[in-house]
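*Asks:* Structure of the sequence below:
(chains A and B)
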Amino acid sequence: MAAKAIGPVRRSFAPWNDPNAKPFIEFRNVTKTFGDFTAVDDLSLGIYEREFFALLGPSGCGKTTLMRMVAGFEEPTRGHVLLDGQDLVGIPPYRRPTNMMFQSYALFPHMSVWENIAFGLKQDGMPKADIVARVDEMLTLVKLEQFAKRKPHQLSGGQRQRVALARSLAKKPKVLLLDEPLGALDKKLREETQFELTDLQMRLGMTFLIVTHDQEEAMTVADRIAVMDRGKIIQIATPAEIYEQPNSRYVADFIGDINLLEGRLSSVGAGGAKLECVGTGATVDVAQDVSARVGDQAWFAIRPEKVTISLTPPADPNVNAVSGEVWDIGYLGDVSIYHVRLATGATVKSTITNTTRLVERPITWEDKVWLSWTRDGGVVLTR
Amino acid sequence: MAVTDTQPTPPPGIAAPAALAKRGRLRWLVVAIPYVWMLLLFLVPFFIVVKISFSTTAIALPPYTPVFDLSGGLSGIWDSVKEFTFDNYVFLTEDSLYWRSYLTSLRIAFVSTVLILIVAYPIAYGMARARKEWRPSLLMLVILPFWTSFLIRVYAWIGILKQEGLLNQFLLWLGVIDKPLVIMSTDWAVYIGIVYSYLPFMILPLYAALEKMDETLLEAAADLGCPPIQAFWKITFPLSLPGVVAGCFLVFIPVVGEFVIPDLLGGSNTIMIGRTLWNEFFNNRDWPVASAVAVILLLILVIPIVYFQNQQQKEAEKAR
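*Replies:* Below you'll find the predicted structure:
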């Protein structure tokens, strides 16, 4: 595997920052309604060639509908879906240059693994010798050479998943659509497969569009993530941006664990803002340009691992600090999560990496502790 | 079950041998009930028929000899067995009436099965693809005719198909025909009657097979470049084959031996084996020949089916 060569390529891959780059898949003001229900609401989105793009959101947020409009199983009620400059609206699924890997895999139960993978190629009228070569190539790619003659029901879940992947890749689609591709696998296998998928996508240089409700999966595989809610996109950004700079409480809360504390802005300006925080009962100082007015309602959001916990007040006067009492400890092996109850009654979580094999905790239940974080540790959210 | 001291005691969590044995006996009881039923009500009568088919006609009660006389003991039965004869079977090959009847029956059963399959498939398909809340009602409509006597329904067809019947009157009124069609007492009437009567037996297994099919398979086929009509032949139809086979068996087997429909709707030249059998039993009172006809009919049906199922089994094992 050419893992070494991939790193730098991947790091410099950011066509969405290039004003001259043209989107490969484009949704233009797409709306889709089912009766009274609006699944996708006036949504516009551009996905670039060779990008691994994730649509992330809870069930019913419209992410699957959006993908099915690319595949052709749904037509938009209003708006356009373009692929490589061509409007897809009105083209039936069997004439679209996309292929989909289904959540249920949808392998043909009466056909062998070989026949399943060859199905799309035969449909294109590819010469027999080419089909044989291509299917063998695909079987090698997913490491299923010795299972070619098996029927789907004779395979394990993980093997079936790989057959489904090989079948959808066989026709070299312009876009590969992945509908919750790893949902049916157990945790260990899922994690392995996530890395295999990214590796595969890099090697093949194809555009992948994945739909998932699993934020960890989206973070692992995708170049960019669109977080969706009720038919609208809330934020589109790289995994790191989504995690560190969420643009709303919805995104902050959906991705990972976070402390959300309500308050009112007392000062805004270039390079800094102050928030009178009801939750902590103190002023929170952040290094952030907040585009809101003094007096507006806002929320301070900080990840538990950015909150430092100590038995003594922090020495540096520039950091934010509050005191409280350890209410609960969650020991997860690699990390411990401390739930600290403040004087105001609010609870703030702080995560500590367990770097030593502790026998006795230095900080334990009912200890009086100080929580502190730097000025750029958290963000102020105005919606 | 004998537990010798060389056997290790089972580890905890595994049922003791005595409990297992008890469960085993219960299982056998459950399995045995239908087999005993079949033995008493199918196998024993069938052997009586086989026995009669080896007998000779006699003007007596019952109308054949030998009759087993249990008072004579084993030797008495052996004396009776020595009187057995193959003459009835030989007779079946000598008179063309019999093999013609067999052939007519098989032909009518085959054509009917094909016709029923063609009519039933779209109905079953439509039912399986109908909205979920409609399906029980549609299923009910298919089963509804069973609530009226089969005989009455066949009689009703006489009223529809005869010279001055409903169908002819309707066609005359429409002006499609100038003079009434002759449908009654022809093979057409027999086919119409059979297709009508046996349709549910084909629809139900087809529906069962089509209903459990995962519709995303069709989406997957479309996604891979397969238009809907091709997808039907490449995906839907092969996956419904178990239903097709079950339906064909359920229709073909009883239609071969069908008596009421050809008797009421068919003409004097539609001689199916069921009618021949009836004639032998009740008009000629030749029980031995009638029994031979019945035994041959059974063999004609059973041998190909057993062969077919064997082949299926082999194929299933090969795929494993």
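
*Asks:* what about A:Lys174, neighbour count?
*Replies:* For A:Lys174, the count of nearby residues is 17 (other C-beta atoms under 10 Å in any protein chain shown). Backbone N, C-alpha and C define where each C-beta goes, glycine included.

*Asks:* Contact partners for it?
*Replies:* Shown in contact with A:Lys174 (C-beta atoms under 8 Å, 6 or more residues apart in numbering or on different chains): A:24, A:83-84, A:97-98, A:206-207.

*Asks:* of those, buried ones?
*Replies:* A:24, A:83, A:98, A:206-207 (16 or more other C-beta atoms under 10 Å in any protein chain shown).

*Asks:* what's the most distant pair in those residues?
*Replies:* With C-beta to C-beta as the measure, no two of the buried ones among the contacts of A:Lys174 lie farther apart than A:Leu83 and A:Met206, at 13.1 Å.

*Asks:* joint contacts of those two?
*Replies:* A:174-175.

*Asks:* From A:Glu217, how far off is the residue of the stretch 201-350 of chain A found nearest chain B?
*Replies:* Relative to chain B, the nearest point of the stretch 201-350 of chain A is A:Leu209 (13.6 Å; C-beta to the nearest C-beta). Using C-beta to C-beta, to the nearest Å, A:Leu209 is found at 14 Å from A:Glu217.

*Asks:* any common contacting residues for the two?
*Replies:* Here A:Leu209 and A:Glu217 have A:Ala54 as joint contacts, going by C-beta under 8 Å, 6+ apart.

*Asks:* on that earlier part again, right, and the residue of the stretch 201-350 of chain A closest to chain B touches A:Leu45 too?
*Replies:* No - using C-beta atoms under 8 Å, A:Leu209 is not in contact with A:Leu45, being 10.3 Å away.

*Asks:* one step back: among the buried ones among the contacts of A:Lys174, which lie within strands?
*Replies:* Counted as lying in strands by DSSP state E, out of the buried ones among the contacts of A:Lys174, are A:83, A:98, A:207.

*Asks:* out of the contacts of A:Lys174, who's near chain B?
*Replies:* A:Thr98 (C-beta under 8 Å from any C-beta of the partner chain).

*Asks:* and which of the contacts of A:Lys174 is nearest chain B?
*Replies:* A:Thr98 (7.6 Å).

*Asks:* Correct me if wrong: the closest one contacts A:Lys172.
*Replies:* No - using C-beta under 8 Å, A:Thr98 is not in contact with A:Lys172, being 11.2 Å away.

*Asks:* The longest helix along chain A: how far from the chain's middle?
*Replies:* When chain A is parsed with DSSP state H, its longest helix is helix A:187-204. Per C-alpha atoms, centre = their mean, to the nearest Å, the displacement of helix A:187-204 from the mean C-alpha position of its chain is 14 Å.

*Asks:* Give the other helices and strands that it contacts.
*Replies:* Other helices and strands packing on helix A:187-204, by 3 or more C-beta pairs under 8 Å, 6 or more residues apart in numbering or on different chains; DSSP states H and E, are helix A:3-11, helix A:157-169, helix A:215-221.

*Asks:* before we move on, back to that, what do A:Leu209 and A:Leu45 both touch?
*Replies:* By C-beta under 8 Å, 6+ apart, A:Leu209 and A:Leu45 have these common neighbours: A:Ile25.

*Asks:* neighbour-wise, which of those two wins?
*Replies:* A direct count of neighbours by other C-beta under 10 Å for A:Leu209 and A:Leu45 places A:Leu209 higher, at 24 against 18.

*Asks:* Not counting sequence-adjacent ones, nearest residue to the residue nearest the centre of chain A?
*Replies:* Nearest to the geometric centre of chain A sits A:Ala218, at 2.7 Å (C-alpha atoms, centre = their mean). Closest residue to A:Ala218 apart from its sequence neighbours, by C-beta to C-beta, 6 or more residues apart in numbering or on different chains: A:Ala54 at 4.0 Å.

*Asks:* Tell me the bridge partners for that neighbour.
*Replies:* Taking DSSP bridges, one obtains A:Ile210, A:Ile225 as the residues bridged to A:Ala54.

*Asks:* mind listing what it touches?
*Replies:* Residues in contact with A:Ala54 (C-beta under 8 Å, 6+ apart) are A:209-212, A:217-218, A:221-222, A:224-226.

*Asks:* what's the spacing between it and chain B?
*Replies:* 20 Å (C-beta to the nearest C-beta, to the nearest Å).

*Asks:* On the pLDDT front, check the residue of the stretch 201-350 of chain A closest to chain B for me.
*Replies:* As predicted, A:Leu209 sits at a pLDDT of 94.

*Asks:* now swap in A:Ala71 and tell me
*Replies:* Reported pLDDT at A:Ala71 in the predicted model: 92.

*Asks:* and if you look at A:Pro19?
*Replies:* pLDDT at A:Pro19 comes out at 82.

*Asks:* One more: B:Thr4?
*Replies:* So B:Thr4 comes in at 44 (pLDDT).

*Asks:* which residues in the stretch 1-150 of chain B form strands?
*Replies:* Secondary structure of the stretch 1-150 of chain B, counting by DSSP state E, counting those that start in this stretch: strands at B:56-57, B:64-65.

*Asks:* ok, now the stretch 201-320 of chain B?
*Replies:* Defined through DSSP E, counting those that start in this stretch, the strands belonging to the stretch 201-320 of chain B form an empty list.

*Asks:* okay, and for it, where does confidence drop off?
*Replies:* B:318-320 (pLDDT under 70).

*Asks:* if we can go back for a sec, between the helices and strands packed on helix A:187-204, which gets the lowest average pLDDT?
*Replies:* helix A:3-11 (a mean of 49).

*Asks:* okay if I get the ones in strands among the buried ones among the contacts of A:Lys174 as JSON lines plus distance to A:Arg190?
*Replies:* Listed next are those as JSON lines, based on distance: C-beta to C-beta, whole Å:
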{"residue": "A:Leu83", "distance to A:Arg190": "29"}
{"residue": "A:Thr98", "distance to A:Arg190": "24"}
{"residue": "A:Thr207", "distance to A:Arg190": "22"}
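
*Asks:* Please point out which parts of stretch A:261-277 sit buried.
*Replies:* Buried positions in stretch A:261-277, judged by neighbour count with 16+ other C-beta under 10 Å: A:261, A:263, A:265, A:268, A:273-277.

*Asks:* So what are the structural domains in the chain, by residue number?
*Replies:* Went with chain A since none was named. A:3-97+A:173-249, A:258-381 (automatic domain parsing).

*Asks:* I was after chain B.
*Replies:* B:23-82, B:100-272.

*Asks:* Could you list which residues are in contact with residue 119?
*Replies:* You didn't say which chain, so I picked chain A. Contacts of A:Phe119 (C-beta under 8 Å, 6+ apart): A:108, A:111, A:167, B:221, B:224, B:226, B:234.

*Asks:* other chain: chain B
*Replies:* With contact taken as C-beta under 8 Å, 6+ apart, B:Val119 is in contact with B:195, B:199, B:202.

*Asks:* same thing with B:Thr56?
*Replies:* For B:Thr56, the contacting residues are B:64-65, B:83, B:85, B:87, B:288, by C-beta under 8 Å, 6+ apart.

*Asks:* switch to 6 Å and redo it
*Replies:* Shown in contact with B:Thr56 (C-beta atoms under 6 Å, 6 or more residues apart in numbering or on different chains): B:Thr65.

*Asks:* Mind pulling the model confidence for it?
*Replies:* 86.

*Asks:* That one and chain A, how far apart?
*Replies:* B:Thr56 is 54 Å from chain A, by C-beta to the nearest C-beta.
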